[in-house]
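# next come a sequence and a model predicted from it.
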Amino acid sequence: MTLLVFGGTGFVGSSIIKRCKYKEKIISFSSKKVEIISSNKKKKINYNLSIDYINKQKKIDAIFCAATRYDPKKYRAKPEIVFNNNIKSILKFIKTIDAAYKKVSKILIISSYAVYGDTLKDNSENSILSTENFSKREFNYAFAKYIQEKLIINFCKEKNIKYNIIRLPSIYGPGSTLNKKNAHVVPSFILQILKNRKNMNVYGTGNEKREFIYIYDLIKIIIKLRKVNYSDIINVGSNKLISIKNLLKNIISLTNSSILAKFNNESFSDVPIRKVNYRKFNTLFKGFRFTNISSGLNETIKWYKEKL
């Protein structure tokens, strides 16, 4: 089996490649290059040659991950860029797969809880999604992920390809961004603290509760889902929420920092908690043990200390 990773230089994509490169051949697509990866060997090829290469493989699993180019500041400053980049990336993915779709056995798509919007109900995979529920602050991102899902479902049904759409909370862990401008909550906090800042201004009230998933847990789940022989949408998560305020306290404690954090008290969401139903996941992954937040944060902080 050959693995095609679209978004291979991103956080999730590079983590998948790191885990799988010694066991199978990988074709990695990013915005700037296409690479054939096997063990520690890398070979760049142009896009047109990559299509020929895909057609020479017996069977391929394709994963669309990252490639979303989610810059938190662009959410607010230029939301149309977030939308356009997400749509362009999924269309290029479909174009690539379509050229060799007979070789593709399974497609996995990384999606987001953002498609549920700001609702207090227990969101399941069968929930009817409505753009009216999308958060005003992340509307373009949520709408783009919604369209990505619809495009992939329609494409896979047309071509008779099995698929899994994986809806996720925020991902954190070793290998995340070192650039504060592109950082989500966890890496943003860690970067500011490790760079010895004395004060930190934090968006929101601190009382908002969210869920986070450790990158290595996600990779294990993706690997297992490749073996699932049916198409489905699945919410992935531990159902363990933490307030942003307590998350920050954990990071401050683990880094022995004396930084002073000030919340600006502007709510970044219309609901304090986003509820998600995990019955389907708990049935498929019975007994799966998620990394607890303190352990995951500790390993993440160690990685950042090594890299900075």
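Structure received.
# got the contact list for stretch 296-307?
Applying C-beta atoms under 8 Å, 6 or more residues apart in numbering, the external contacts of stretch 296-307 come out as 172-176, 178, 186-187, 190-191, 194, 212, 214, 250-251, 254-255. All C-beta atoms are positioned from the backbone trio N, CA, C, and that covers glycine.
# check whether S188 really touches K180, as I assumed.
Yes - using C-beta atoms under 8 Å, S188 is in contact with K180, at 6.2 Å.
# neighbour count winner among these two?
Using other C-beta atoms under 10 Å, the more surrounded residue of S188 and K180 is S188, with 19 against 12.
# let me know the helix or strand that that one is in.
Using DSSP states H and E, S188 maps to helix 185-194.
# also N201?
Assigned by DSSP H and E, N201 falls within strand 199-202.
# now K18
With DSSP H and E as criterion, K18 is part of helix 11-20.
# quick one, that helix and helix 185-194 angle?
90 degrees (axes from the mean of the first three to the mean of the last three C-alpha atoms, to 10 degrees).
# now the helix or strand hosting I107: how far from the chain's centre is it?
Assigned by DSSP H and E, I107 belongs to strand 104-112. Strand 104-112 sits 12 Å away from the centroid of its parent chain (C-alpha atoms, centre = their mean, to the nearest Å).
# quick one, which of the contacts of stretch 296-307 are buried?
Those of those that meet the buried threshold are 172-176, 186-187, 190-191, 194, 212, 214, 250-251, 254-255, by 16 or more other C-beta atoms under 10 Å.
# ok so, going back, distance from the helix or strand following the helix holding K18 to the middle of the chain?
Going down the chain from helix 11-20, the next helix or strand is strand 25-29, by DSSP H and E. For strand 25-29, the separation from the chain centroid amounts to 18 Å (computed by C-alpha atoms, centre = their mean).
# from here on, call the first residue 19.
In the new numbering, first residue 19, that becomes strand 43-47.
# next helix or strand past strand 43-47?
Defined by DSSP H and E, the subsequent element after strand 43-47 is strand 52-56.
# report the strands that pair with that next one, each with its relative direction.
strand 43-47 (antiparallel), strand 59-63 (antiparallel) (DSSP bridges).
# in that strand, which residues are buried?
So, applying 16+ other C-beta under 10 Å, buried residues of strand 52-56: V52, E53, I54, I55.
# and these, which is closest to Y159?
V52 (25.9 Å; C-beta to C-beta).
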